[in-house]
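# Fold the following.
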Amino acid sequence: MDPFGQTAFMNPSPRPKRRRQFGGPRRGFSMAPLSSLSASPVTPYSPHSTAWFRAPSSPHIHMQGMPDAYSHYPVHLAFTPPPFPSQQVYGAPSARFFQDHPVPQAIPEQWPTNTLHTVEQLPSPPQPDSKQKKRRRNRNQRSESAGQLIQASQDDEGSSSNAASATPKRSRNARHSSQSTRWAVESQSSEPYEEAPPAKRTPKSCSLLPLAVLVVLVIVVIFGSAGRLFKVISEEFPPGGAIVNHRGVPTPTKPTLRPQPVSSPRTECNSESCQWQSRYLHHKLNDSIPPCDDFYSHVCSNEWFQNADVSLQPYGYSASTSTMLGLWDMLKQQPADYRKTSFLSDASQFMQRCVPGSKKDTGWKVFRRILSDVGIDEWPYGDPLPDSAAHKLAAKAEKMLGFSTLVSMSLRERPTSHEIMLHVNSPPILLRIYKDAFPGKDIKAYGEFVFEVLSLWNPGGHDILPSVLEIMDLEERISIAASHSARSVPVLHVTLSIDTIRSYPHWNWQSYFQHFLDGNMGQHSSSKIALLDPVYFNHLSSILAHATARTLLNYVGYKLVVFLSPLLPSNKADFMVPLSYHHHLATGVSKRLEACMFLLERLYPIPTRALVWSHLLKKAPSLLSGELADELQNMEHLARNEMKQAATHTSWLTQEEASVAVQKIERMKLVLAPRNRDDALRQVHVALQTSDNVSFIEAVYNTQRSLRQKYWRSDDLSLFHEPVTATDSAFVPGFVYEPDRNELSVSPVTVDFIVGISRHPDAVSVPFFLGEVLRGMFSAMSIRGSTIDADGDLRHWWTSTTEDRFVERAKCLQDSFADETRRYIQEELRDKFVFMEENVQDGAVLRPLYNVHRWLTKNSGPTGPIPGQAKGLSPNKLFFINWASTFCEPEQPQGVARDRVHFKISVPPRTRLNVALSRFQPFSTVFKCPVGSEMNPTKGCSFW
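Coordinates of the predicted model:
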């Protein structure tokens, strides 16, 4: 039995009145771990305290439903357990989810209108004592007429009704209010029984007296009182029309997540999430392919990209497209006012001039002036050049405009010393971007593209074909040497002194790096650099040995013209626009609109991200400080607790290392919107220098030069944001984990997608939102985070044995991915360990992700089938289908998958998904895959 087969969470306790925690403001943006407010240390084998509850007095809390083999494990509680008789109950966090989600054994505040209650669930009414019976019998015997008896019965009936409607004593559940009597008449008055006043005497009627006395005696003997009679009637026919079922119709043990009535489990689900799920999966599943044979092909059919509605496309494509289109609509409605200084006004002016493009040839004149400023005004070069010119001109162009040729440069502050150091990484490679933007195009087509770029301006009339071949050869060598673009960057880099780096006749590294360091002030290092991709940097020696100065300078001009292509006249430069940015996820969006969005973000990273969040908050204001923020925070807390459980139980960490991992996860700060969002929108350090009298390319060029000059001289890098990885973008779904700050940021387009599912996120949102969150949390305890401890200090807190155990598990999973990829593309892999980190993350997050889903599903009450879908789609099946949809891509020929692996763009999504799920036993159980099938192999390894 798997140790994580059962969820590791306790049921939440009833919440108190809503109030602000610790007297501070509600945090809708920065969902920092509340446990970090406690200064007490936490070890993985002892319960801990968070800001939401007190730690239990017992050192071990046994999980409900946990197999015996794991019942002795301690639990790091994310919520308080159900109260024991001697245990005080502490309130759960103030969130809508927990407000409507009490302890399962307690009566909820409000049951759905279709809920049936059995007699066994209702408490016994109070029984009259012997004296009360005797007084009642004597009073009834004194009645002398039928009118007296009828009046007495009416008095008893009124007394019983008053007792039933009195304020109930909250004995079974402190949260049970008087409104609950509408759905289940189970609360009785605790006041002592009071005898009704004697009835008024009326004339005797001897003919009816014996019969009336007999009727009264029968009532007293059988029911004890008329009130008891009417009480039983009220139990059988409670207010609201729900009739009791004596045959034991099962009553839901858990309330629904939302207070509004939901449909019966026997009918289709009509909640907001279910309606979205119905539209999202409408005619998408390919039932002709069994899920146990090829789950990717079963889920990711061609129908995903046939619908014009972008909200119904797969997660990655839908999230980027809807965000870009929504932001563009908002900016188009903003009036152009050059007198305003806000970023919203600048962004509106920028986009309204960039998207249409310029038809005037004056842009080419400005471009020639830019080449002259850089020092390559005679580009493209046909004749050989002096060797000493290449590195100086390349450094000048890169520092001035912020693009890269052989290496990518950025400034980052070291975690411990706070020294600002120059970080060197492998550059974006246009050959890779071309293969990603134009799948199916071969290397010959790329050569034609390079030839067309160099032919745009050839004042010398040189034969440019040799230069084209040289650029293609240079980029192929760079692509082979460089790591894949979407990789994560470790914290402990190879730090080198500039004086120790070997130089070449046509490329002097000392002079090249010194150009970036000259003029820097304050904490800037003047003699050292940090290598983010040391393997690539070591291969540069052989690359430079095959490149001449002419090749390098032509390559600088080639990358510069592609970099500026959105600003050039559209009638000649539009074919270059798709290569001016890295990501091509948006569908239904023009390439120029995409390029302009990414160019705006490249100029103003922080304000652009703040602008995207502002656009999102207009659609979902409760994301700032409301129910939506609370529910996302509670889902994050569930994920945090599951990852702590994984760290505690994993066998590749020692007890001391597991303690560090738990502390890192507890102290990790999850950031949604930036805290300085309003400041970033109101104040721009360098405004866009644009007006009707200045061409657009000239305005952007001048602005970029001013921004880069401030960037290289600044001591406060918080004013800038230099992305280290290509995935760090406000328009790309996913996450960014900063190991040196132990900070996890979720992309706004991911949150935008979650908001589109439902205003109240539930289990349906788990694969999309928590899939990104858990990947980031796993990074804190994996080999990537093994060089930063819980206090943020640079040190290896793993032993060599731990690293060997981790690598052994990672290699086992990677071997499975490599074998399946080799079989799919029918070609040997050049590097079998490429994309290993991403593949390991897929295998590692499935278990905690599935546990959170099951916990939410179990505690949300029964739901009916999804409208328009097969009734056999259980919530567990829908979880795997939704998670699989995050991998779906447009169908491509097999050769495209081969090229994407060859150029280190991505692993085939079919391989990535099927291998991860086939090594996860609950998937085989849910879909009943026989042992030996493709999705349930006899041999396999699991990360945990």
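# Who are the contact partners of residue 477?
By C-beta atoms under 8 Å, 6 or more residues apart in numbering, residue 477 lies in contact with 542, 543, 546. Where you see a C-beta, it was placed from the backbone N, CA and C, and this is true even at glycine.
# Could you double-check that the last one sits in contact with residue 473?
Same thing as residue 546. Yes: taking C-beta atoms under 8 Å as the definition, residue 546 is a contact partner of residue 473 at 7.3 Å.
# Only whichever of the contacts of residue 477 are buried, select them in PyMOL.
Provided next is the PyMOL selection string for whichever of these are buried by 16 or more other C-beta atoms under 10 Å:
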select buried, resi 543
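# what's the closest of the contacts of residue 477 to residue 327?
Of all the contacts of residue 477, the one with the least separation from residue 327 (C-beta to C-beta) is residue 543, at 39.5 Å.
# Now do the same contact list for that closest one.
406, 474, 477, 478, 481.
# In helices, which of the contacts of residue 477 fall?
542, 543 (DSSP state H).
# Now flag whichever of the contacts of residue 477 is closest to residue 439.
Distances from residue 439 to those, taken by C-beta to C-beta, are shortest for residue 543, at 26.5 Å.
# how near is that closest one to residue 502?
Residue 543 sits 13 Å away from residue 502, going by C-beta to C-beta, to the nearest Å.
# what do you get for residue 611?
Distance of residue 611 to residue 502, given as C-beta to C-beta: 45 Å.
# Equivalent analysis for residue 874, please.
62 Å.
# returning to what we had before: export the contacts of residue 543 to CSV and tack on secondary structure and distance to residue 710?
CSV is the format used below for the contacts of residue 543 (DSSP: H, G, I helix; E, B strand; the rest coil; distance: C-beta to C-beta, whole Å):
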residue, secondary structure, distance to residue 710
406, coil, 25
474, helix, 32
477, helix, 35
478, helix, 30
481, helix, 33
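# closest to residue 390 among those residues?
Nearest to residue 390 out of these is residue 406 (C-beta to C-beta; 9.8 Å).
# For the closest one, give me the pLDDT.
pLDDT recorded at residue 406 is 94.
# since we're on it, how many residues are nearby?
Residue 406 sits with 24 neighbouring residues when counted by other C-beta atoms under 10 Å.
# which residues sit in contact with it?
394, 427, 478, 507, 540, 543, 544, 552.
# Redo the contacts of residue 477 as a markdown table? Include pLDDT and distance to residue 848.
Shown next, in a markdown table, are the contacts of residue 477 (pLDDT from 0 to 100; distance: C-beta to C-beta, whole Å):
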| residue | pLDDT | distance to residue 848 |
| --- | --- | --- |
| 542 | 89 | 44 |
| 543 | 91 | 42 |
| 546 | 82 | 48 |
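# Need the contacts of residue 477 in JSON lines (columns: distance to residue 638).
Below are the contacts of residue 477 laid out as JSON lines (distance: C-beta to C-beta, whole Å):
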{"residue": "542", "distance to residue 638": "50"}
{"residue": "543", "distance to residue 638": "48"}
{"residue": "546", "distance to residue 638": "54"}
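# Show me how the chain divides into domains.
Domain ranges of the chain: 119-236, 362-568, per automatic domain parsing.
# comparing the ones you listed, which gets the lowest mean pLDDT score?
With a mean of 43, domain 119-236 has the lowest mean pLDDT of the domains of the chain.
# so how far is residue 805 from residue 859?
According to C-beta to C-beta, residue 859 and residue 805 sit 35 Å apart.
# can you check residue 788 too?
Counting by C-beta to C-beta, the gap from residue 788 to residue 805 is 20 Å.
# who has more neighbours, the two?
residue 788 (26 against 17).
# what residues are up against that one?
Counted by C-beta under 8 Å, 6+ apart, residue 788 has contacts 415, 491, 664, 739, 740, 742, 794, 795.
# do residue 351 as well
328, 331, 332, 596, 597, 600.
# Let me know the helix or strand that residue 904 is in.
Of the helices and strands defined by DSSP states H and E, none includes residue 904.
# who are the neighbours in contact with it?
Listed by C-beta under 8 Å, 6+ apart, the contact set of residue 904 reads 432, 479, 482, 483, 484, 485, 831, 834, 835.
# And for the fourth one, nearest residue in space, chain neighbours not counted?
With sequence-adjacent residues excluded and distances taken as C-beta to C-beta, 6 or more residues apart in numbering, residue 483 is closest to residue 533, at 5.4 Å.
# I'd say that neighbour and residue 426 touch.
Yes: Residue 533 lies in contact with residue 426 (C-beta under 8 Å); the separation is 4.3 Å.
# Residues touching stretch 837-845, excluding its own?
With contact meaning C-beta under 8 Å, 6+ apart, stretch 837-845 is reached by 486-488, 646, 771, 774-775, 778-779, 782, 784, 809-810, 813-814, 817, 907, 912-913, 915-916, 919-920, 942-944.
# hang on, the earlier thing: highest neighbour count among the contacts of residue 351?
Counting by other C-beta under 10 Å, top hit in the contacts of residue 351: residue 597 with 29 neighbours.
# quick revisit: could you save the contacts of residue 543 as TSV and add columns showing distance to residue 286?
TSV is the format used below for these (distance: C-beta to C-beta, whole Å):
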residue	distance to residue 286
406	45
474	43
477	41
478	39
481	40
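# For residue 344, state which of the residues you listed is nearest.
residue 406 (37.5 Å).
# And the strands in the stretch 601-750 of the chain, which stretches?
Assigned by DSSP state E, counting those that start in this stretch, the strands in the stretch 601-750 of the chain fall at 669-671, 735-738, 743-746.
# Can you name every helix or strand that the last one contacts?
Translated: strand 743-746. strand 669-671, strand 735-738, helix 766-781 (3 or more C-beta pairs under 8 Å, 6 or more residues apart in numbering; DSSP states H and E).
# repeat for the second one
In terms of contacts (3+ C-beta pairs under 8 Å, 6+ apart), strand 735-738 is packed against strand 743-746, helix 766-781.
# need the strands for this protein, in chain order.
Along the chain, the stretches classed as strands by DSSP state E are 30-31, 408-413, 420-425, 494-497, 524-531, 669-671, 735-738, 743-746.
# what lines up beside the third one in the sheet?
I take that to be strand 420-425. Partners of strand 420-425 in the sheet, by DSSP bridges, are strand 408-413 (antiparallel), strand 524-531 (parallel).
# coming back round to it: in CSV, list the contacts of residue 351 along with pLDDT and distance to residue 624.
Below are the contacts of residue 351 laid out as CSV (pLDDT from 0 to 100; distance: C-beta to C-beta, whole Å):
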residue, pLDDT, distance to residue 624
328, 94, 23
331, 92, 22
332, 90, 25
596, 95, 28
597, 95, 24
600, 93, 24
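# Which members of the residues you listed are the farthest-apart pair?
Top of the distance list for these (C-beta to C-beta): 332 and 600, 14.0 Å.
# and the lengthiest helix in the chain, what's its mean pLDDT?
The longest helix of the chain (DSSP H) is helix 800-825. For helix 800-825, the mean per-residue pLDDT is 90.
# before we move on, what about stretch 273-284?
Averaged over stretch 273-284, pLDDT sits at 91.
# quick one: contacts for residue 547?
Shown in contact with residue 547 (C-beta under 8 Å, 6+ apart): 470, 474, 506.
# repeat that for 7 Å
residue 474 (C-beta atoms under 7 Å, 6 or more residues apart in numbering).
# Fine by me, thanks again.
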